[in-house]
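**Q** Generate a structure from the sequence data that follows.
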Amino acid sequence: MTIGSISVRYRRWFGLYLLFVATVSTAYGFLNARRGSGWAMGEWLTNYSAGFIRRGLVGEAVLLLGQATGIKLIWIAFGLQVPVYLIFLWCVYLLTEKLRWGWMVVALLLSPATLSFIVLDPPNGFKKEILLFAALAFVICVLLYSRSRDWQLAVLLSILGVVLVLSHEPLVFYLPYFLGAVAIRTGSLRRTVAVVALPTILCGIAAVTVLQHPGNRAMAEKICSSVGGTLGPFGVADDSICGGSIAWLQQSLAEAHNNVMVAARVHHSFALYGLLAILSLLPAFAALMMLYLREGAQREARIIAVCASVAFAGSLVVFYSGRDWGRWIHIHVTCLMLLILMVDRDEQPAAISPIQLHGAKRWAAVGALFLYATCWTLPAVDIYPARTGYYGLCRYLKGYNQVHPN
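**A** Numbers count the residues shown, from 1 in each chain. Down below sits the predicted model:
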């Protein structure tokens with residue numbers, strides 16, 4: 001059997017894995033929509049009914065569609081989430097064409113911190129970062145498979161960047177990954193600056209604008225009313241449609257940070273997520289090191305490392321103000337995965353690949369990969385019960401109706 005045919009077989013198996021991820025994630029999205037989750041769905045329904053406010057762009061579009069069609073807003077949001085996520089998965093599949101299928105890249109693709117993050121943490125499915133993933137994956141595919149001119153790329157990045165910032169302002173800190181994709185493809189600092197200059201300026205203006213409109217109790221009440229909900233007392237556990245993201249629009253930065261610190265002491269978040277961050281980032285770091293040691297890929301590896309460092313430094317703000325530490329880690333690792341897939345494409349096999357290992361070594365590697373992919377979970381938020389990989393997931397789903405009564 002030739003190396004090419006083996007690679008095709010790996011890609012077919014990976015295609016089935018993506019189908020599994022898509023099916024399970026969509027099922028979770030449906031369940032979250034049916035019960036009107038204040039976090040998984042409320043995040044998408046924040047709108048401009050009370051005036052301009054951060055995170056309101058997508059919700060405003062959903063609200064206008066609901067008024068025009070009479071369809072329930074929750075199902076319009078769900079109808080938006082699914083195609084966005086499928087676009088992301090389809091682009092990931094495209095990027096595996098001619099993939100070298102090294103062990104670390106495979107571990108990155110199967111990691112609980114990347115594609116199976118939603119599968120292993122159902123309550124946090126289909127958050128707004130899927131907009132970022134779909135946009136970055138789409139831009140990478142455009143860079144690889146089209147002959148777009150620099151001005152066209154600048155316009156595309158400007159539109160996508162502004163939409164992302166107006167939809168969920170923390171995503172601004174992850175935009176350096178787009179710069180990395182452009183720099184890798186153009187191969188020129190001058191061209192990279194020419195392409196990203198306008199998007200950077202516009203995204204900066206959008207970010208400053210939304211930070212000046214954080215929200216308050218009166219606005220949260222009006223937004224809640226526009227989506228057919230009732231806003232309860234702030235801080236009371238409530239997973240109604242307004243009890244999650246919409247309710248937290250009234251929280252100040254100081255209050256948010258205090259909440260993070262209290263949770264960190266109670267749930268030992270620094271130790272928990274420190275360990276989980278190592279597990280999550282290990283395949284990405286190893287894959288980057290292998291790229292750096294590979295002839296002809298040092299420049300690309302350096303670009304990814306620099307852009308990831310800039311993004312991580314910026315994202316310390318969201319670690320400071322939000323308890324979703326697993327979520328922020330997940331976004332970094334997934335963006336790293338996309339850039340590594342962009343670079344790690346060649347008709348020749350990787351220096352250390354499943355193709356080249358035989359006998360006991362191959363089975364040991366397969367066993368280690370299986371354990372890595374199945375035996376741990378990266379919870380988005382520390383408040384959810386601890387679950388250990390797919391075994392913990394099965395136990396959680398078995399008691400789903402008790403955890404989330406209708």
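
**Q** got the residue ranges for the helices in the stretch 1-150 of the chain?
**A** In the stretch 1-150 of the chain, the helices defined using DSSP state H, counting those that start in this stretch lie at 3-34, 42-45, 57-69, 73-95, 103-110, 117-120, 129-145, 150-167.

**Q** Go through those helices and name the closest to residue 359.
**A** helix 103-110 (15.7 Å; Cβ to Cβ). Bear in mind the C-beta positions are built from the backbone N, C-alpha and C, glycine included.

**Q** Which strands or helices does the closest one pack on?
**A** Helix 103-110 sits against helix 3-34, helix 269-293, helix 325-343, helix 359-374, with contacts defined as 3 or more Cβ pairs under 8 Å, 6 or more residues apart in numbering; DSSP states H and E.

**Q** returning to that earlier point: in JSON lines: the helices of the stretch 1-150 of the chain, plus mean neighbour count, distance to residue 205 and mean pLDDT.
**A** Converted to JSON lines, the helices of the stretch 1-150 of the chain look like this (neighbours: other Cβ atoms under 10 Å; distance: least, Cβ to Cβ, whole Å; pLDDT from 0 to 100):
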{"stretch": "helix 3-34", "mean neighbour count": "16", "distance to residue 205": "32", "mean pLDDT": "88"}
{"stretch": "helix 42-45", "mean neighbour count": "28", "distance to residue 205": "23", "mean pLDDT": "94"}
{"stretch": "helix 57-69", "mean neighbour count": "18", "distance to residue 205": "14", "mean pLDDT": "97"}
{"stretch": "helix 73-95", "mean neighbour count": "19", "distance to residue 205": "25", "mean pLDDT": "97"}
{"stretch": "helix 103-110", "mean neighbour count": "22", "distance to residue 205": "34", "mean pLDDT": "94"}
{"stretch": "helix 117-120", "mean neighbour count": "24", "distance to residue 205": "31", "mean pLDDT": "94"}
{"stretch": "helix 129-145", "mean neighbour count": "21", "distance to residue 205": "18", "mean pLDDT": "97"}
{"stretch": "helix 150-167", "mean neighbour count": "19", "distance to residue 205": "8", "mean pLDDT": "97"}
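
**Q** May I see the helices and strands packed on helix 103-110 arranged in TSV, with distance to residue 148 as well?
**A** Below are the helices and strands packed on helix 103-110 laid out as TSV (distance: least, Cβ to Cβ, whole Å):
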stretch	distance to residue 148
helix 3-34	26
helix 269-293	25
helix 325-343	15
helix 359-374	35
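
**Q** just to revisit the earlier point, tabulate the helices of the stretch 1-150 of the chain in JSON lines, adding columns for distance to residue 180.
**A** Formatted as JSON lines, these follow (distance: least, Cβ to Cβ, whole Å):
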{"stretch": "helix 3-34", "distance to residue 180": "23"}
{"stretch": "helix 42-45", "distance to residue 180": "26"}
{"stretch": "helix 57-69", "distance to residue 180": "25"}
{"stretch": "helix 73-95", "distance to residue 180": "15"}
{"stretch": "helix 103-110", "distance to residue 180": "16"}
{"stretch": "helix 117-120", "distance to residue 180": "21"}
{"stretch": "helix 129-145", "distance to residue 180": "9"}
{"stretch": "helix 150-167", "distance to residue 180": "12"}
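
**Q** which stretches of the stretch 151-300 of the chain form helices?
**A** So, for the stretch 151-300 of the chain - with DSSP H, counting those that start in this stretch - the helices run 176-186, 189-211, 217-226, 253-267, 269-293, 298-321.

**Q** weakest of those by average pLDDT?
**A** Ranked by mean pLDDT, those bottom out at helix 253-267, with a mean of 88.

**Q** Alpha carbons only: can I get that one in CSV?
**A** Extracted C-alpha coordinates of helix 253-267, given in CSV (Å, rounded to 0.1, in the frame of the first residue of the first chain):
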residue,chain,number,x,y,z
LEU,A,253,-15.5,45.0,35.1
ALA,A,254,-14.6,45.2,38.8
GLU,A,255,-17.5,43.0,39.7
ALA,A,256,-16.6,40.5,37.0
HIS,A,257,-13.0,40.3,38.2
ASN,A,258,-14.1,39.9,41.8
ASN,A,259,-16.3,37.0,40.7
VAL,A,260,-13.4,35.4,38.9
MET,A,261,-11.2,35.6,42.0
VAL,A,262,-13.9,34.2,44.3
ALA,A,263,-14.4,31.3,41.9
ALA,A,264,-10.7,30.7,41.6
ARG,A,265,-10.4,30.3,45.4
VAL,A,266,-13.4,28.0,45.6
HIS,A,267,-12.7,25.9,42.6
